[in-house]
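**Student:** Need a 3D model of the following:
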Amino acid sequence: MTAFAEPVLHDRLERQAHNRVLVRGWLYVVLLMLFALVFVGGATRLTESGLSITEWKPIHGVIPPLSDAEWQEEFEKYRQIPEYQQINKGMSLDAFKTIFWWEWTHRLLARGVGFVFALPLAFFWVTGRLERSLKPKLVGILLLGAFQGAVGWWMVASGLVERTDVSQYRLATHLTIACIIFAATMVVARGLAPHSAPRSSPETRRFAGILLLLALIQIYLGGLVAGLNAGFAYNTWPLMDGSIVPGDLLVQQPWFLNFFENAKTVQFVHRMGGYVLFAAALWHVFAARSADRGSTHARRAVVFFHLVLVQAAIGITTLLTVVDIGWALLHQAFALVVLGFAAAHWRATRGSYPAETGVVVRS
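**Tutor:** Numbers count the residues shown, from 1 in each chain. Model (predicted):
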């Protein structure tokens, strides 16, 4: 390397480090908004507010009813769907406004996340602050977010004609995609952070990825539980219907439908998923200590296990309180904490993204 090239390279590395701080800070803001979005989505579900807005207006829908006539018009649309006619018949306008504002806030946050992601992405791209390898990752997250908006309406539409609630299949899909977006954003943000520890052993790295997948699967199972209101079905622990393994888990035909449509089976599988994640997290503690003794990776494995332990306790409490709304919301929110830490831990075992010294900021 020539004497002239060294200061040029040093300057480019400094600029890249500065750009990474900016991009990472933006992604952390996105993560906070995604967390709020999923939290409000959970509250919307638990308050049975998700069908209160019966139309999908991505642009015009940002403006809520502003007059008594507009409120009456919106309420009249809600009166036409099965949920009102079979469950909420006779609901007052004030009660309707309560469920309307939950769904409206959820949709407004979703739009907000889109803007907070897309506009800074365009700015960083145009000003040359994005590394080449980041561009497809961030565009992929943006496209997945746009797809999620369509999935959200697809979910709501399932409860507007024949059903009094949304399809559990669509609800679980909607929740899972939101969590994939959250995890992917966390992975990119963590990859931009400077790492004090070297890459972990391959064993620790692989198992950290397995834990991330298990956490995501458990959230999907939780979405099925929420969609079927299966949490209300059996509210004892550790026994379920008087047994560790209750009967009548496969009463529906064909048998595989029980795993998606039988509330008893769905709750049981969600419980078993929790046990599997707990055991895997505990195994990871000992395996990481053996393979990466004394490293930050081993210490993060311990932290992750304790997060899973806390989440299990919250889940059991939610069950025993017959799905108290406060505990249920905490259970969903802490699931994101577990997922986010799993994503960050997995990325940390792989180290930071390699430096790209060709990144130059255009003035």
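**Student:** looking just at contacts, which helices and strands does the helix or strand hosting residue 287 meet?
**Tutor:** If you go by DSSP states H and E, residue 287 is part of helix 263-291. Where contact means 3 or more CB pairs under 8 Å, 6 or more residues apart in numbering; DSSP states H and E, helix 263-291 is packed against helix 202-228, helix 258-261, helix 296-320. For every residue, glycine as well, the C-beta is placed using N, CA and C.
**Student:** quick check: longest helix of this structure.
**Tutor:** With DSSP state H applied, the helix covering the greatest number of residues in the chain is identified as helix 5-46.
**Student:** ok, then the element right after that one?
**Tutor:** Sequence-wise, the next helix or strand beyond helix 5-46 is helix 68-79, with elements assigned using DSSP H and E.
**Student:** Can you list the buried residues in that next one?
**Tutor:** By neighbour count, and taking 16 or more other CB atoms under 10 Å as the criterion, the buried residues in helix 68-79 are 71, 74-75, 78.
**Student:** Rebuild the residues you listed as a markdown table, extending it with distance to residue 29 and pLDDT.
**Tutor:** As requested, those are exported to a markdown table (distance: CB to CB, whole Å; pLDDT from 0 to 100):
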| residue | distance to residue 29 | pLDDT |
| --- | --- | --- |
| 71 | 34 | 96 |
| 74 | 32 | 95 |
| 75 | 36 | 96 |
| 78 | 34 | 96 |
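**Student:** for those residues, which one is nearest residue 131?
**Tutor:** Using CB to CB, the shortest approach to residue 131 within those belongs to residue 74, at 46.2 Å.
**Student:** any idea how far residue 144 is from the closest one?
**Tutor:** Here residue 74 is placed at a distance of 30 Å from residue 144 (CB to CB, to the nearest Å).
**Student:** and which of the buried residues of helix 68-79 is nearest residue 216?
**Tutor:** Taking CB to CB as the measure, residue 78 is the one of the buried residues of helix 68-79 closest to residue 216, at 33.7 Å.
**Student:** residues contacting that closest one?
**Tutor:** For residue 78, the contacting residues are 51-52, 54, 84, 96, 100, by CB atoms under 8 Å, 6 or more residues apart in numbering.
**Student:** would you turn the residues you listed into TSV with distance to residue 325, pLDDT and neighbour count?
**Tutor:** Shown next, in TSV, are the contacts of residue 78 (distance: CB to CB, whole Å; pLDDT from 0 to 100; neighbours: other CB atoms under 10 Å):
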residue	distance to residue 325	pLDDT	neighbour count
51	18	95	25
52	17	95	26
54	24	94	19
84	21	95	20
96	19	96	20
100	18	97	20
